[in-house]
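Peer 1: Need coordinates for the below:
(one chain, ligands or ions: 2)
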Amino acid sequence: MALKTSEQYEASLRKLNLKVYLLGELIENPVDHPIIRPSLNSVKMTYALAHNPQHADLLTATSHLTGHKINRFCHLHQNTDDLIKKVKMQRLLGQKTGACFQRCVGMDAINAVDSVTFEMDKKLGTKYHERFLKFLLMMQEDDLTVDGAMTDPKGDRSLPPSRQADPDLYTHVVERRKDGIVVRGAKAHQTGAINSHWILVMPTIAMTKEDSDYALSFVAPADAEGISYIYGRQSCDTRKLEGGNIDVGNHHFGGHEALMVFDNLFVPWENVLMCGEYEFSGALVERFAGYHRQSYGGCKVGVGDVLIGAAALAADYNGAAKASHIKDKLIEMIHLNETLYACGIACSAEGQPTASGNYLIDLLLANVCKQNVTRLPYEIARLAEDIAGGLMVTMASEKDLRHPEIGPVVKKYFQGIASVPTEHRVRILRLIENITLGTAAVGYRTESMHGAGSPQAQRIMISRQGNLEQKKKLAKTIAGIKD
Ligand code: SF4
Ligand code: FE
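Peer 2: Ligands and ions are numbered 1, 2, ... in the order given. Below is the predicted model:
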């Protein structure tokens, strides 16, 4: 089976035996938990749209391994067209869910691991690439959701991994056995971890010789003995426990992050993709981050489309749509959002093949894309809040709206233009609240800042890739300066 339906995906998750803690409790059934469920619905959309003839061109691809039709989230980009379609697919999914749909981290991880294991084997005579391709084949044929896991907790940022007071603050090998390795540590902020079948772990920074036990990459079933998850809180998350479907803002979709803990996890050698080859850890980090920085030029733009639409509706419902400053603010929001998209498309169009044959984005442009994402969604959110007005954060609850006595009062005083029911106005303002301040704000705001690397990480890459010496030469030639 190369393409699962969304129902088959959900059924396959029910078979997993994940150890998930949420609000201080071990969760029996994550699939139906009201706080987790919306995030599962977002991942389901990545399966559902692959069966939709209108979107199949973006959501599916032809496997370079088997020639089978597979979900694009399991695909290695074979050309720049694939890279561009990836970004378009992410924008589409952002538009359909208004949230983080989580599955991109696995797609970005396999594309980074492919070229790095190939180069590692070529130089060192190791067998990692062969192992990786075996895993990839299974991932493609079973249409798996894989959680690419990179970010370590990192403890004291002034110290390298091996000099931390607690050695587990970076994920590392604690034992090398004949049949495999034993791993301890954790990965923080793991997007979609609870909705994944497998995890693909990568090192978090470029390692040195002293830290070679931390130069580690492997795959493991998400429910392997020794892995547990502690679910991350989101602003307003317990509104999902109240029943009703207005106050959460986006009642059907969401995203999630979790702390993934490895407590003496055993990984057989056949699942190990890097173990001690510290000189390749930097390339793996750089490429995974590059792909994920490209990703943000798609997903954040799609959610931005939803936010811009919501702001425009809020203006319509307020009777303010004709005001010139409102029109101008909406134009500005579109301009900013499309600027992000332009970066996502540009770094894809300028992609180049790697030694293993899959395509890598232009790293400079991908980092410029993400650097813009650390800023422009904040301005888009600011303008949305400006247009929405203060009612977005002072409004009464859905329960008040439905109350037999005070409901009519709420409806009377929260009415905007007479032709639009108050409930519509309330729903749109709650949606704006959800994306700018509520559960989806994780994905749209703070993740825009720190996801795929904090702003300074991009600035380091921009300074490395920016080729300042070449620019100086250009200036000297034009200015007539001969050395
Ligand atoms: Fe995909 Fe965006 Fe979520 Fe990352 S933040 S997993 S790119 S939707
Ligand atoms: Fe992310």
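Peer 1: Distance check, the residue most central in space within the chain against ligand 1.
Peer 2: Computing the C-alpha centroid of the chain and ranking residues by C-alpha atoms, centre = their mean puts residue 102 first, at 5.1 Å. Plainly put, residue 102 is 5 Å away from ligand 1 if you go by C-beta to the nearest ligand atom, to the nearest Å. The C-beta positions use only the backbone N, C-alpha and C, and glycine is treated the same way.
Peer 1: before we move on, what about residue 78?
Peer 2: Residue 78 is 20 Å from ligand 1, by C-beta to the nearest ligand atom.
Peer 1: so that residue makes contact with residue 359?
Peer 2: Yes: assessed by C-beta atoms under 8 Å, residue 78 is found in contact with residue 359 at 6.6 Å.
Peer 1: who has more neighbours, these two?
Peer 2: residue 359 (20 against 16; other C-beta atoms under 10 Å).
Peer 1: Please save the CA atoms from the top strand by length along the chain in PDB.
Peer 2: Longest strand in the chain, counting residues (DSSP state E): strand 258-268. Written as PDB, here are the backbone C-alpha positions of strand 258-268 (Å, rounded to 0.1, in the frame of the first residue of the first chain):
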ATOM      1  CA  ALA A 258       6.300  17.400  23.000                       C
ATOM      2  CA  LEU A 259       9.400  16.700  24.900                       C
ATOM      3  CA  MET A 260      10.700  13.300  23.700                       C
ATOM      4  CA  VAL A 261      12.700  11.400  26.300                       C
ATOM      5  CA  PHE A 262      15.100   8.500  25.700                       C
ATOM      6  CA  ASP A 263      15.600   6.400  28.800                       C
ATOM      7  CA  ASN A 264      18.300   3.900  27.800                       C
ATOM      8  CA  LEU A 265      16.600   3.300  24.400                       C
ATOM      9  CA  PHE A 266      18.100   0.400  22.600                       C
ATOM     10  CA  VAL A 267      18.600   0.900  18.800                       C
ATOM     11  CA  PRO A 268      19.700  -2.100  16.700                       C
END
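Peer 1: What is that strand packed up against?
Peer 2: Helices and strands touching strand 258-268, by 3 or more C-beta pairs under 8 Å, 6 or more residues apart in numbering; DSSP states H and E, are strand 180-187, strand 216-221, strand 227-231.
Peer 1: and of those strands, who's closest to ligand 1?
Peer 2: The closest of the helices and strands packed on strand 258-268 to ligand 1 is strand 180-187. By C-beta to the nearest ligand atom, the value is 14.2 Å.
Peer 1: any idea which helix or strand comes after that closest one?
Peer 2: strand 198-201 (DSSP states H and E).
Peer 1: hmm, the helix or strand of the chain with the lowest mean pLDDT touching ligand 1?
Peer 2: Lowest by mean pLDDT, DSSP states H and E among the helices and strands of the chain is helix 441, with a mean of 91. No: figure legend: helix 441 not in contact with ligand 1 (C-beta under 6 Å from any ligand atom); closest approach 12.5 Å.
Peer 1: For the longest strand of the chain, which strands pair with it and how are they oriented?
Peer 2: strand 180-187 (antiparallel), strand 227-231 (antiparallel) (DSSP bridges).
Peer 1: relative to strand 216-221, how tilted is the first one?
Peer 2: Angle of strand 180-187 versus strand 216-221, following axes from the mean of the first three to the mean of the last three C-alpha atoms, to 10 degrees, is 90 degrees.
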